[in-house]
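**Q** Just the structure for this:
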Amino acid sequence: MSEAPAQALPRNRRHATPKNVAGQTRDGSPPQIARPRGRAPYSVAARELLRNTLLDAALDELGERRWADITMADIARAAGLSRQTLYNEFGSREVFMQMLVMREVDHFLTAVEQAVNEHLDDPETALSAAFEVFLTAAGENPVVRTIVSGDGGEELLALFTTQGGALVGPASERLTEMMLTGWPQVKRPDAQLLSEGLVRLAISYAALPEGRTSMTAASVATLLGPYIERILQRSD
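**A** Next comes the predicted model:
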């Protein structure tokens with residue numbers, strides 16, 4: 001007795017696939033992996049890696065020796081690169097110092113931003129926490145330690161004092177935007193005034209530390225607390 005021929009499935013069932021099967025989409029095809037957007041071009045990523053490698057090498061050298069005793073050749077050697085590569089990228093020792101300081105300031109501000117965001121409901125506490133985070137990080141940073149000790153760091157010190165305009169401006173602007181994001185009721189001129197004052201105070205305390213960091217942060221918050229409260233309550 002011959003077997004009965006298999007019945008053809010209806011067209012809408014022949015290509016049906018199980019639902020909710022791990023590793024499959026609804027049509028049975030492999031799942032697509034989402035690719036991150038905004039990926040930097042290779043040339044940009046490569047240059048950032050090169051710069052960070054050289055700047056990190058300078059920090060390592062500062063942990064061992066005075067800045068005045070560290071040559072550009074020393075930094076290039078520590079990074080595993082040629083002296084010419086370093087100069088091709090930064091142009092001069094002065095520009096290299098500026099980039100080194102600005103990168104460290106950027107790291108400080110990132111830590112400050114996180115501290116502020118954790119206390120948006122209490123601005124005075126946010127200020128105290130942010131100042132403490134900054135001063136703690138600055139106290140552990142080789143660049144700031146070099147400036148504070150005065151041990152061959154006159155070139156670096158100038159970037160914080162006589163040549164500090166290039167540092168104060170960008171840092172103040174970033175802090176201003178941080179405040180306006182966290183407390184949108186604050187008016188920009190008020191935020192700018194507070195930001196510049198905080199940046200200048202931070203530089204002063206970092207360069208000339210005195211007492212415990214937590215006491216310093218608390219005293220700054222106490223001093224500026226009334227102003228912060230006033231600009232937060234302004235409605236006109």
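
**Q** mind checking pLDDT for residue 81?
**A** The score at residue 81 is 95. That number is its pLDDT.

**Q** Tell me the secondary structure at it.
**A** When the structure is reduced to helix, strand and coil (DSSP: H, G, I helix; E, B strand; the rest coil), residue 81 reads as coil.

**Q** so it touches residue 53, yeah?
**A** Yes - under the contact definition of C-beta atoms under 8 Å, residue 81 touches residue 53, with a separation of 7.2 Å. For every residue, glycine as well, the C-beta is placed using N, CA and C.

**Q** The protein - how does it break down into domains?
**A** Here the chain is described, according to automatic domain parsing, as comprising the domains 40-91, 94-233.

**Q** Could you export these as JSON lines, including mean neighbour count?
**A** Formatted as JSON lines, the domains of the chain follow (neighbours: other C-beta atoms under 10 Å):
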{"stretch": "domain 40-91", "mean neighbour count": "15"}
{"stretch": "domain 94-233", "mean neighbour count": "17"}
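
**Q** lowest-pLDDT helix or strand in this structure?
**A** Using mean pLDDT, DSSP states H and E, helix 11-14 stands out as the lowest-scoring helix or strand of the chain, at a mean of 42.

**Q** ok, the spatially closest residue to residue 111 that is not a sequence neighbour - contacts?
**A** Leaving out its chain neighbours, the residue that sits closest to residue 111 by C-beta to C-beta, 6 or more residues apart in numbering is residue 133, at 4.9 Å. For residue 133, the contacting residues are 111-112, 114-115, taking C-beta atoms under 8 Å, 6 or more residues apart in numbering as the criterion.

**Q** change it to 6 Å
**A** Under the criterion of C-beta atoms under 6 Å, 6 or more residues apart in numbering, the neighbours of residue 133 are 111-112, 115.

**Q** Just the element for it, please.
**A** In this structure, residue 133 sits in helix 123-140 according to DSSP states H and E.
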